[in-house]
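In: Task: produce atomic coordinates for the following.
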Amino acid sequence: DYESKYSTDAEGEGMAPNARVWRVYLDEAGHFDMDMVESIRDTVDIILVFAGLFSAVVSTLVGQASTALRPDYSHVTAALISELITIQRAMVAGTVVGVVPPSMLNLDSPFIASSADRWVNGLWFVSLTFSLATALLSVLVKQWMQAYISPIFGTPHFQSRVRHFRYVGMQEWHVPLITGMLPILLHLALLLFFAGLIVLLFTL
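Out: Below you'll find the predicted structure:
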């Protein structure tokens, strides 16, 4: 009951810096802000932890999968050694060395990654990008929330104006919308990761 909690303003002081209307506004806004901030923080904390763990897993797998996009010179070395052994055997047997077929692999052989490898790496790189973007936006939202509820000093009228300025700024920066999109980004990252995993399994 604000009528009993705050004394009635003197005549002509209804909009003064210390008027009851500003103190009532601060009380109501304070309850609203705390509920909103706690809800956003709980959501962001869960998403941030999951996005961090997921990014670590995908980063490890991407590091291994990306090797398929580069030439594997160990295969070239093995092919050249096999050719050398064949030549030595031909020389021992008295066979003409020129009839020994050359290796199909050499340092000048063009390298083209398979379509499956390109798909797997593409899907996982995009998945990792979405996951890292989710983590970055989660950190920014937490910083916005911390700044939003930071203490305000001054008269009730001044505090009310600053609080309203912060609330309008948060709406203009679409913080609630960004918070609502964080799970969607994370779901997209998961779907892309599983799509890449399915492609990889079909190549085994």
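In: CA atoms for contacts and neighbours, from now on please.
Out: OK.
In: Which parts of this protein belong to which domain?
Out: 2-7+17-70+114-203, 71-110 (automatic domain parsing).
In: So for residue 33, what's the nearest residue that isn't a sequence neighbour?
Out: In space, and not counting its chain neighbours, residue 33 is closest to residue 149: 7.7 Å by Cα to Cα, 6 or more residues apart in numbering.
In: Can you get me a residue count around that neighbour?
Out: Applying other Cα atoms under 10 Å, we find 14 residues neighbouring residue 149.
In: Relative to residue 66, how far out is it?
Out: The spacing between residue 149 and residue 66, counted by Cα to Cα, to the nearest Å, is 44 Å.
In: again with residue 128
Out: Distance, residue 128 to residue 66, by Cα to Cα: 13 Å.
In: more neighbours, the two?
Out: Between residue 128 and residue 66, counting by other Cα under 10 Å, residue 128 is the more crowded of the two (25 against 16).
In: correct me, but that one touches residue 60?
Out: No - contact criterion Cα atoms under 8 Å: residue 128 and residue 60 do not qualify, at 10.4 Å.
In: okay, and the helix or strand of this protein with the least pLDDT?
Out: Within the chain, confidence by mean pLDDT, DSSP states H and E is lowest for helix 2-5 among all helices and strands, at a mean of 65.
In: moving C-terminal of it, what's the next helix or strand?
Out: On the C-terminal side of helix 2-5, the closest following helix or strand by DSSP states H and E is helix 20-65.
In: Give me the mean pLDDT for that next one.
Out: In this model, helix 20-65 carries a mean pLDDT of 92.
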